[in-house]
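**Student:** For reference, the sequence and a predicted model appear below.
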Amino acid sequence: MTFLITLKATRCLLSRLTLSDVACRTTVAGTHTLSAPASGLQNGSMQSRELCAPPSAPIHVSQRWRHRKLLCWPVDYLPFEWSYPAKQDRILNSGDLVDDIGPVDLSLPRNGFELSEELKTAPEEVKRLFSLEFGIMRDISDLKRKEFVKLVQRHPYDTRLFSLEFGIMRDISDLKRKELVKLVQRHPYDTYSVEYKIAKMTFAIRCMKMMHAVDRKRKNLTEALCKTVDKRNKYLKYLRRWDYKRFRFVAHQLRVTYTPRPLCRIPPEVTKKGDLRRVTREYCDKVRRERLDAYHAKLRALAQGAAGGVCRGEASCRGVGQRGGAEVAADRGRAEIDPVRERAQRYQAHHVGCNAIK
């Protein structure tokens, strides 16, 4: 306790206070320290914090740790229905017209054995033994890759084909990739062009689509598929900009579609408040248009009635003039008819102008 009193007195002396203020604060600190229980000081209560705090620093109790309420923009009072727009399925709208890699001929030799002259003259049992039917997943995958990319084997016999490293699915995928890339390759050694990259990514997208159809809960597969689709769309955009004929050829051969975004226009972000304002504006414009149309129809009916009254008034004036030659009555009738006729003509001109604006 003596240490706390000394600490308080030292802080007061170092601060810009007069001697009387220092003595007063030291006395108050000593009184509070002696009267405070030992348990409160050991547990770090609010009183100990007040004593140890500097004289110029007030104590603030934070009120931030409260339950936050999620505010929601109400839509019950609106005269129309509204809901969030449906999310677009990026996998479904990837642009591929084909979602698989096609059938596989299991009678084909494994990757690396199609160049063997001995295998061509071997019996059917030996050919079947070295075919994809008795191969593993990697064998079919490597063969598919070779057919798609048209790679040239340096050695006709590869001992890696006999190891367990290769699998059947990889061999199938390689064979299919080679068949797909062959459609757009410029020459057998074309592994750097944009067409080759687009074909390779198209094959990867279709393989991942097949796996995604089996298990849709794999988030890493979904993320990789979406990234590959975006990357292929980027290459399609560049190819369309550089060579439109080549772009049409690649899209036709690979059976993909691509729709470029409009130039000089950034699509607005869809938000609840902004979408509600847009829908409300459209609803108000629709109500205003309907009321104006109804008002125009009403004025049109009144104009037709006024025109009929004008015709009847002229006929009566002519009859009066013929019967008795009462020119005064005819002049009075014309004075009453002329304003009505002018008003009808003004309305007709205004109506024609409104229709021209629409």
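**Tutor:** All right, it came through fine.
**Student:** contacts, neighbours, all on C-alpha from now
**Tutor:** Will do.
**Student:** Residue 82 and residue 270, how far apart?
**Tutor:** 13 Å (Cα to Cα, to the nearest Å).
**Student:** So which of these two has more stuff around it?
**Tutor:** The neighbour comparison of residue 82 against residue 270 (other Cα atoms under 10 Å) goes to residue 82, with 13 against 10.
**Student:** ok, the more buried one - contacts?
**Tutor:** 75, 276 (Cα atoms under 8 Å, 6 or more residues apart in numbering).
**Student:** Flag the shaky bits of the stretch 101-250 of the chain, pLDDT-wise.
**Tutor:** Along the stretch 101-250 of the chain, the model assigns pLDDT under 70 to residues 101-103, 111, 137, 140-172.
**Student:** where does residue 96 fall, phi/psi-wise?
**Tutor:** Backbone torsions of residue 96, given as degrees, to the nearest 10, read phi -80, psi 130.
**Student:** Tell me, how many residues neighbour it?
**Tutor:** Residue 96, neighbours per other Cα under 10 Å, totals 19.
**Student:** who does it bridge with?
**Tutor:** residue 256 (DSSP bridges).
**Student:** Residue 276 versus that one, what's the distance?
**Tutor:** With Cα to Cα as the criterion, residue 96 and residue 276 are 34 Å apart.
**Student:** now residue 208
**Tutor:** 38 Å.
**Student:** name the element residue 113 belongs to?
**Tutor:** According to DSSP states H and E, residue 113 maps onto no helix or strand at all.
**Student:** ok, it to residue 104 distance?
**Tutor:** Taking Cα to Cα, one finds residue 113 at 17 Å from residue 104.
**Student:** Pick out whichever of those two has more residues nearby.
**Tutor:** Applying other Cα under 10 Å to residue 113 and residue 104 shows that residue 113 carries more neighbours, namely 21 against 14.
**Student:** so the more buried one sits right up against residue 119, yeah?
**Tutor:** Yes: Residue 113 lies in contact with residue 119 (Cα atoms under 8 Å); the separation is 7.4 Å.
**Student:** residues of stretch 257-266 that come out buried?
**Tutor:** 257-258 (16 or more other Cα atoms under 10 Å).
**Student:** again, but for stretch 186-201
**Tutor:** Per 16+ other Cα under 10 Å, stretch 186-201 contains these buried residues: 190-191, 194-201.
**Student:** what's the closest of the residues you listed to residue 258?
**Tutor:** residue 198 (12.2 Å; Cα to Cα).
**Student:** Can you show me the helices along the chain?
**Tutor:** Applying DSSP state H to the chain gives helices spanning 2-14, 19-35, 38-43, 46-52, 117-120, 124-129, 137-149, 168-182, 194-214, 219-242, 244-254, 272-324, 327-357.
**Student:** Run through who's touching the fifth one.
**Tutor:** Residues lying outside helix 117-120 but in contact with it, judged by Cα under 8 Å, 6+ apart, are 113, 126-127.
**Student:** want to try a markdown table for those residues, with distance to residue 229 as columns?
**Tutor:** Listed next are the contacts of helix 117-120 as a markdown table, based on distance: Cα to Cα, whole Å:
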| residue | distance to residue 229 |
| --- | --- |
| 113 | 34 |
| 126 | 42 |
| 127 | 39 |
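**Student:** Tell me the one of these nearest residue 186?
**Tutor:** Residue 186 lies nearest to residue 113 out of the contacts of helix 117-120, by Cα to Cα, at 25.3 Å.
**Student:** before we move on, back to that, now the buried residues of stretch 186-201 as TSV including distance to residue 230?
**Tutor:** Output for those, formatted as TSV (distance: Cα to Cα, whole Å):
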residue	distance to residue 230
190	23
191	21
194	15
195	16
196	16
197	13
198	11
199	14
200	14
201	10
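**Student:** State the pair within these that is farthest apart.
**Tutor:** Distance extremes for the buried residues of stretch 186-201: the farthest pair is 190 and 201 at 15.1 Å, using Cα to Cα.
**Student:** Buried residues of stretch 83-90, list them for me.
**Tutor:** Quick answer for stretch 83-90: no buried residues (16+ other Cα under 10 Å).
**Student:** pLDDT (mean, whole number) over it?
**Tutor:** Mean pLDDT, computed over stretch 83-90, is 78.
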